[in-house]
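Participant: following is a predicted model, sequence given first.
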Amino acid sequence: MSLKEQLKKDFSTITLALMAVGIVLNIALGQVVSLLKLPIFLDSIGTVLVALLAGPWAGGLTGLLTNLIWGMLTDPVAAAFAPVAMVIGIAAGLCAKYGLFKKWWQAIISGVIITIALSIIAIPIRVYMFGGVTGSGADFITAYLMATGRDLFSSVVITVITDNLIDKVVTALLAWGIVKGLPKRFASRFPRANSVTE
Amino acid sequence: MAVINVQGLTYTYPGSTSPALKDINFQIESGQLVAVIGGNEAGKSTLCLALSGLIPALFHGQMQGMVTVCGMDTQQYSPGQFAGQVGLVLQNPANQLSGMRYTVYEEVAFGLENLGISRVEMPARIENALEQVGLAELCDRSPYALSGGQQQRLALASVLALTPSVLLLDEPTAMLDPQGSQDVFEIIQKLVQAGTTVVIAEHHLEWIARYADRIIALAHGEVILDGSPREVLTSSRIQEAGINWLRYTQAAHLGIARGLWSPNTELPITLEQTLAGFRQMGTTSSTRQET
Amino acid sequence: MLIRADDIHFTYSEGEKVLNGVSVTIQPGEKVALVGQNGSGKTTLARHLNGLLRPATGQVWIGDWLTQDHSPAQMARRVAYVFQNPDEQLFHQRVWDEVAFGPQNLGCSVREVAFQVERALDLMDLRGASDLNPRDLGYSGRKRVTLASALAMQTPIIVFDEPTAGLDSKEQEQLAGVFSLLHHQGKTIIVISHDMDFLIENMDRMLLMMNGKIALDASARDFFEQSRILETSGLIAPQIVRLSQKMGCSQVSTNVDEFLDNFS
Amino acid sequence: MPTTPTLYLPGTSYLHRLHPLSKLVFSLASAVIIFGGPGGWVSAFFPGLFAMLLLWRAGLVGEVTRTILRLLTPFAVVLFLIHGFVNPQNQTILLRLGPVALGQEGLNFASLIVIRLTAALTASLLLMVSTHPSDLIQSLVEIGLPHRLAYLLGSPLLMLPQMVARVQVIQSVQQARGLETQGNFFQRVRALFPLVAPLVFSVLVDVEDRSLALEVRGFNAPNQKTSLTELVDTREQRAARWIMIVLAGFLLIAGIGWRMHGGH
């Protein structure tokens, strides 16, 4: 089957519109966070939502494309982290598939699993391409850890996990709450929503 | 000739227990302007989707009966095949922009590109469509820089460029201000004059009363009335459908008891009919007094 | 509670002047309609009344509060504002909780919240829906939830943005009933709307906005007598007004009964 | 409503006129060489310098430099501080400031990273500033990118401003319901769901309409699609693209070999 046919089969037009909206949500929700001055990014909530509603592959693609588009919009550096965003979507979709998004506490566990999965990809990129630095507040953690004598790699491991843990747990909880609250008619268009609501 | 033929149509959305449409039967002749009215949840939008072939193709509900549009059975053809035959315009103009094109001109081209129209043929069709909706001067603007009314006209142009023989409009003016609604209504009138078949779900009764050839009233998914505007809009049964009479009709109806409106005169639905009816009574009563 | 705007001016960051010297006083218990074309500044003016926007120059008083001294969340104690699109506010899983959100934000006691929610649900005919997911309701149901949410806040002033849009005739009549009830309770009702047929029957006073100014401020009857200014503002007069004018009645009627009285 | 600002700078320079694929291949090949080529900073320096020269000839170097400074300055400062002062591999001490010391090894490493990123950024900006996003997408469709993926890449750019505007509306709505968005930490955490959920719900409600609108405009029509605009390609550009691909592959293999023999 060609890529074209495969895509058509997996992604109906409504799934496609959902993914496009998921990408925009990833980018737009940063606004809310900056408005509330909270120490999270929430830049993968659209990815996680798509993963819950349309499965791991749709989620992964949403994440990947979000960062590529981010690269076009403001910062080509974001494109380098596209594989990380993809892993977030795939991990969230798999968690949902195996029933780890039914209860709020399961959503927290999923948030932790997503964090671990993304770290595996994010750490090498951060260390090799960026010298372990991102230009954000998290760099203080890295600096502190290195000052206490740790090497660059293990400092970045700890930084990436602490930096992402709260964000991904909050993201997973919000996404869980939203899918739970979807109108029935909408949820019926996305049969996978059952893996959260039932 | 009937361009739309609906027979025994019953449709239930997935996950729902009661049907959204129940045993609908009607035919629509070519070149007519047919209005579908009804309260909220009466089934107007569902009917539009069924006539456009999007139900059953995209919604996995239960459909019984048959819908044929331009001789094509909606259960046998895909929405892609209907795209050149049936145009559909929805309520919210912003949701109908493709999101893929940066100018009004290119936005109209989007559908033509999808249908594989050759590059040589496109400009004439785009310009014609923009001309019809009065957006020719704004062709280089961003679709997102337009007002809601202009965006809705753009949605119309995008569909018109595909030269459909049937145009379905699902409450196209619901989100527009009076000026925007007026513009859309004028375009629709011209299209009907030019021979397009138009089915419109609309709650702006005054306009329907004046221009529709026929009205189908829905309540709870069933057709409760189907006839000329004057028949339908003056029937006491449309109250069941959650629709009040026009003030003109109300005035005449209450006027009967006061001797201001003749019980033999059919109730009015336009300003002119109302004026004529009241004046007629006024002159007859005054002549009676004189004699 | 008295509303007073003193010569307010306002410009959005894009630079276009939206309010250009608006002064208006609204007495407690008035039913006021704000009309005008899109872009005339009526929504901007309404958002000054609950402190969502603050005037560049001039002052807005709500009772003894000056809006710029209070956050929008504080202003919510005095002015409730029902936005047009219900989908842009509903987030709870149950209708009951959604309606309780406002009173809870205002710090009402649990018992007070319960009382206000029940009352508002009754008013909007939502008693049977209180345990449903608000998003499972139809459009008008969702709209009624937003109306109930505002009513439950027990503010002396309520602003409604296009309240009749998307409601069918029956639901509009129900809304008119709620308006008259609120009016009897002494609340100030401010309605932004294009629906002239609804406004003429339910509002006392009409404010026409044009180019950031109040172009006409009159009782509903006097307002529609001014046919020339209405034409330039792109408004379409209500059916009953056109009918009474064409019939050559000496006075504009505001409803069908009045028309028949005037006519005979 | 404005469209999303992107990195694209409208213009008519020779770079603007090049086929998007030529610039895309240049950017990608540069990235491969910069991060994978042999010789450390040498592999990064020359593609970066070459990209700068190309931009300079097109008169775009000023804008690009500004963007690079904006994106990389904070990053570079932190990078030099961290690696200069606290990299455990620092042995050659250049300067001692009380308890901390500036090390040569850390500075070298930081310099390498900054050179690489500057070069990669220059090469990718060469594509971004001179190519309209829709032309880039069209060029990809012409070499076989499924139009469904093209939709996913293209439509978010134009939807974004609508959604950002909606964030502001939702903030207003919930503030009008008494939600405090500027309070203490716990109040702000509490405000998160009421602000996020309606945005998500309201856009999800639109998803169905969007998909229907695409369907009725033949998005899934069975025929071959055409295109309104034509991208100009030349034989020279096609040849240049192949040369760049081969060169990047060659240097990548050389780089792997170089690393296996101890380079880094």
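Facilitator: Structure's in. What do you need? Here the structure is a predicted model, which is why all the values come from computation and not from measurement.
Participant: buried ones in stretch D:214-230?
Facilitator: Within stretch D:214-230, the residues that count as buried by 16 or more other C-beta atoms under 10 Å in any protein chain shown are D:Leu214, D:Glu215, D:Val216, D:Arg217, D:Gly218, D:Phe219, D:Asn220, D:Ala221, D:Lys225, D:Thr226, D:Leu228. C-beta: built from backbone N, CA, C; applies to glycine.
Participant: so which of those residues belong to strands?
Facilitator: Using DSSP state E, no member of the buried residues of stretch D:214-230 falls within strands.
Participant: can I get the residues you listed in TSV including pLDDT and distance to C:Arg144?
Facilitator: Output for the buried residues of stretch D:214-230, formatted as TSV (pLDDT from 0 to 100; distance: C-beta to C-beta, whole Å):
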residue	pLDDT	distance to C:Arg144
D:Leu214	92	32
D:Glu215	91	32
D:Val216	91	31
D:Arg217	92	35
D:Gly218	90	39
D:Phe219	91	36
D:Asn220	87	38
D:Ala221	86	41
D:Lys225	89	45
D:Thr226	91	48
D:Leu228	90	46
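Participant: what's the spacing between C:Gln245 and chain D?
Facilitator: Going from C:Gln245 to chain D by C-beta to the nearest C-beta, to the nearest Å gives 39 Å.
Participant: helix or strand: which one has that residue?
Facilitator: helix C:239-246 (DSSP states H and E).
Participant: give me the buried stretch members for that helix, please.
Facilitator: With burial defined by 16+ other C-beta under 10 Å, the residues of helix C:239-246 counted as buried are C:Gln239, C:Ile240, C:Val241, C:Arg242, C:Leu243, C:Ser244, C:Gln245.
Participant: and what of stretch C:106-125?
Facilitator: Residues of stretch C:106-125 classed as buried by neighbour count (16+ other C-beta under 10 Å): C:Leu106, C:Cys108, C:Val113, C:Gln116, C:Val117, C:Ala120, C:Leu121, C:Leu123, C:Met124.
Participant: tell me the one of those residues nearest chain D?
Facilitator: C:Leu106 (5.0 Å; C-beta to the nearest C-beta).
Participant: pretty sure the closest one contacts D:Gly178?
Facilitator: Yes. Because the distance of 5.0 Å satisfies C-beta atoms under 8 Å, C:Leu106 is recorded as touching D:Gly178.
Participant: need the residues touching each of these two.
Facilitator: Common contact partners of C:Leu106 and D:Gly178 (C-beta atoms under 8 Å, 6 or more residues apart in numbering or on different chains): C:Ala76, C:Arg77, C:Met153.
Participant: out of the residues you listed, grab the one that's most surrounded.
Facilitator: C:Ala76 (27 neighbours; other C-beta atoms under 10 Å in any protein chain shown).
Participant: name the element the closest residue to that one other than its chain neighbours belongs to?
Facilitator: Once flanking residues are discounted, C:Ala76 sits nearest to D:Gly178: 3.8 Å by C-beta to C-beta, 6 or more residues apart in numbering or on different chains. For D:Gly178, there is no enclosing helix or strand under DSSP H and E.
Participant: which SS state does residue 83 fall under?
Facilitator: All of this refers to chain A. When classified by DSSP: H, G, I helix; E, B strand; the rest coil, A:Pro83 comes out as helix.
Participant: think we crossed wires, I meant chain D
Facilitator: Assigned with three-state DSSP, D:His83 falls in the helix class.
Participant: burial of it, as a residue count?
Facilitator: Neighbourhood size, D:His83 [other C-beta under 10 Å]: 28.
Participant: do the same with D:Met260
Facilitator: For D:Met260, the neighbour count with other C-beta under 10 Å is 8.
Participant: ok, now A:Ile116?
Facilitator: 13.
Participant: which stretches of chain B form strands?
Facilitator: B:2-12, B:21-29, B:33-37, B:62-69, B:72-73, B:86-89, B:166-170, B:197-201, B:214-219, B:222-227.
Participant: can you report phi and psi for the residue of chain A most remote from its centre?
Facilitator: Ranked by distance from the centre of chain A (C-alpha atoms, centre = their mean), the top residue is A:Gly149, with 31.6 Å. Main-chain torsions, A:Gly149, degrees, to the nearest 10: phi 100, psi 0.
Participant: who touches the residue of the stretch 101-250 of chain C found nearest chain D in this structure?
Facilitator: Closest residue of the stretch 101-250 of chain C to chain D, C-beta to the nearest C-beta: C:Asn105 (3.1 Å). For C:Asn105, the contact set (C-beta under 8 Å, 6+ apart) comprises C:Ala73, C:Ala76, D:Arg177, D:Gly178, D:Leu179, D:Glu180.
Participant: sorry, back to before: look up the closest residue to the residue farthest from the centre of chain A, ignoring the ones flanking it.
Facilitator: In this structure, A:Gly149 finds its nearest non-sequential neighbour in D:Pro88, 5.9 Å apart by C-beta to C-beta, 6+ apart.
Participant: can you tell me the number of residues neighbouring that neighbour?
Facilitator: 16.
Participant: do the same with A:Ile178
Facilitator: 23.
Participant: cool, and the one 5 residues further on?
Facilitator: Here the number of neighbours of A:Pro183 (other C-beta under 10 Å) works out to 18.
Participant: please, where are all the helices along the chain?
Facilitator: No chain specified, so I'll use chain A. A:3-10, A:13-36, A:45-54, A:56-73, A:77-80, A:82-97, A:104-130, A:139-147, A:152-180, A:184-189, A:194-197 (DSSP state H).
Participant: think we crossed wires, I meant chain D
Facilitator: D:14-17, D:20-36, D:41-57, D:61-81, D:104-130, D:133-142, D:147-176, D:185-216, D:235-260.
Participant: would you list these in JSON lines and tack on distance to chain C?
Facilitator: JSON lines is the format used below for these (distance: least, C-beta to the nearest C-beta, whole Å):
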{"stretch": "helix D:14-17", "distance to chain C": "29"}
{"stretch": "helix D:20-36", "distance to chain C": "32"}
{"stretch": "helix D:41-57", "distance to chain C": "32"}
{"stretch": "helix D:61-81", "distance to chain C": "22"}
{"stretch": "helix D:104-130", "distance to chain C": "25"}
{"stretch": "helix D:133-142", "distance to chain C": "24"}
{"stretch": "helix D:147-176", "distance to chain C": "4"}
{"stretch": "helix D:185-216", "distance to chain C": "4"}
{"stretch": "helix D:235-260", "distance to chain C": "41"}
